[in-house]
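Visitor: here are the coordinates; sequence isn't available:
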């Protein structure tokens, strides 16, 4: 076995599985027990006997169903935009197709719920194929304008009086979902069904992006000309991305109409494209969990913050802001400001920035912590092998390679990782010392604000290097 092959030896299979998937396993357990955790905290019933009674636990089940729905929509959008590089301004057409098809077939034509779902998904795939054919000739902003016009046509058709007998016009359609999945009578069942659909969508895209086809999609995003030169059928892979994305977005629309038991023109509106775009950018474009995190933050944050009399009490260390704000009135403005701050302060999104920071922290820990320990205690390399997957002789050899930079030089080379690390460490330490999450958040906000000029300078230098390099 060569040294290179030995260096690539994986960890113990069990350790590797846990290492790769522990956040998802933990999240799955928390989501599975979420209704009961909320019921215990709020001392309320998970599933009240009377359908008209909305306990605290039942209310939060409804919020999480919306999070699952938005999560599936954001995952589908991220597949097209984040992984394949296809800009869409009309993603709401898939969402609205799922909403209206099920509502029309069940309420107007008395079709079974299951058959309506199958037909809705088939229509979503058909529209996706039309988009795919358009992508063969249209690229960049022209394809984006095509998707916007396509969605706007459907939006206007849902409102005009000519199709009132189908769509209900501006009033939309009200229908009743089957009892076993009805949000009023069996919300807990709907919660677990929505959770299953969400997990299916997440695992489908994750498996796709970890496959050879996923690598080709990323190549299409980064350099489509080179990918085509290498012999890949770029039209086939674009079709795959658009069809899977449209299928999942249609599924999200079905979940939405089952939850709210109505179909309205806004389901086809621009908001259904802007929302997943913002969620993806906040969470991290081109990452698997990023859009999901963005969907959760946006919906749960809206639940807590979008109020007419929101009490704001922020301690920025050097000054304190305490006031009452009509957040309902200024929600769109606040969302826009938050979006701009995210782009400036966290340009790669939450998950993207966490990934980059974690990679640099691991490099830092390797160079300035683990390697010195191995040099001093060589036996440590043998003990750590099951966890690092690194043969002892390789670890000892790497330990004697001096780092390229000292700590100061490392911070200058990786400014975002250094600033994020310092912000997180100081915030957590101050929170632990005072045993208050408010103090931790206050310190993090304070450090983020004072680091804005440094972050803008670092971002400008990075773009300058890319342009000159």
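Guide: That came through, no problem. Given the structure is predicted, the values throughout are model-derived calculations rather than measurements.
Visitor: for the record, mean pLDDT for stretch 229-236?
Guide: The pLDDT scores in stretch 229-236 average 90.
Visitor: So which residues make contact with that stretch?
Guide: Residues outside stretch 229-236 that contact it (C-beta atoms under 8 Å, 6 or more residues apart in numbering) are 132, 135, 136, 216, 219, 220, 224, 227, 228. From N, CA and C alone the C-beta is placed, and that goes for glycine too.
Visitor: and if you look at stretch 167-174?
Guide: Stretch 167-174 is contacted by residues 100, 103-104, 107-108, 157-161, 163, 261-265 when judged by C-beta under 8 Å, 6+ apart.
Visitor: Could you rerun that using 6 Å?
Guide: By C-beta atoms under 6 Å, 6 or more residues apart in numbering, the list of residues contacting stretch 167-174 from outside reads 103, 107, 158, 159, 262, 263, 264.
Visitor: So which of the residues you listed sit within helices?
Guide: Cross-referencing those against helices under DSSP state H gives 103, 107.
Visitor: Give me the subset of the contacts of stretch 229-236 lying in helices.
Guide: The members of these that map onto helices under DSSP H are 132, 135, 216, 219, 220, 224, 227, 228.
Visitor: Mind checking which of the residues you listed are buried?
Guide: Restricting the ones in helices among the contacts of stretch 229-236 to buried positions leaves 132, 135, 216, 219, 220, 224, 227, with burial counted as 16 or more other C-beta atoms under 10 Å.
Visitor: got any ranges where the stretch 101-250 of the chain has weak pLDDT?
Guide: Of all residues in the stretch 101-250 of the chain, none has pLDDT under 70.
Visitor: and the most centrally placed residue in the chain, what does it touch?
Guide: By C-alpha atoms, centre = their mean, the mean C-alpha position of the chain lies nearest to residue 291, the distance being 1.2 Å. Neighbour list for residue 291: 74, 75, 78, 279, 280, 283 [criterion: C-beta under 6 Å, 6+ apart].
Visitor: want to try CSV for those, with neighbour count as columns?
Guide: Listed next are those as CSV, based on neighbours: other C-beta atoms under 10 Å:
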residue, neighbour count
74, 32
75, 29
78, 29
279, 27
280, 26
283, 28
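Visitor: where exactly do the helices run in the stretch 201-350 of the chain?
Guide: Secondary structure of the stretch 201-350 of the chain (DSSP state H, counting those that start in this stretch): helices at 212-222, 224-229, 234-260, 271-283, 290-305, 331-345, 349-365.
Visitor: Return the residue of this structure that is most distant from the centre.
Guide: Most distant residue from the mean C-alpha position of the chain: residue 376, 43.0 Å away (C-alpha atoms, centre = their mean).
Visitor: so how far is residue 400 from it?
Guide: Distance of residue 376 to residue 400, computed by C-beta to C-beta, to the nearest Å: 12 Å.
Visitor: Next: residue 436.
Guide: Going from residue 436 to residue 400 by C-beta to C-beta gives 45 Å.
Visitor: Mind checking which of the two has more residues around it?
Guide: For residue 436 and residue 400, the more surrounded residue by other C-beta atoms under 10 Å is residue 436, and the numbers stand at 12 against 9.
Visitor: Phi, psi for the more buried one please.
Guide: With angles defined as degrees, to the nearest 10, residue 436 sits at phi -140, psi 130.
Visitor: ok, it to residue 266 distance?
Guide: 41 Å.
Visitor: and the longest helix for this protein?
Guide: Assignment by DSSP H gives helix 13-42 as the longest helix of the chain.
Visitor: Which pLDDT value belongs to residue 325?
Guide: Residue 325 carries a pLDDT value of 69.
Visitor: got the contact list for residue 117?
Guide: Contacts were defined as C-beta under 6 Å, 6+ apart; by that measure residue 117 touches residue 254.
Visitor: All set, thanks.
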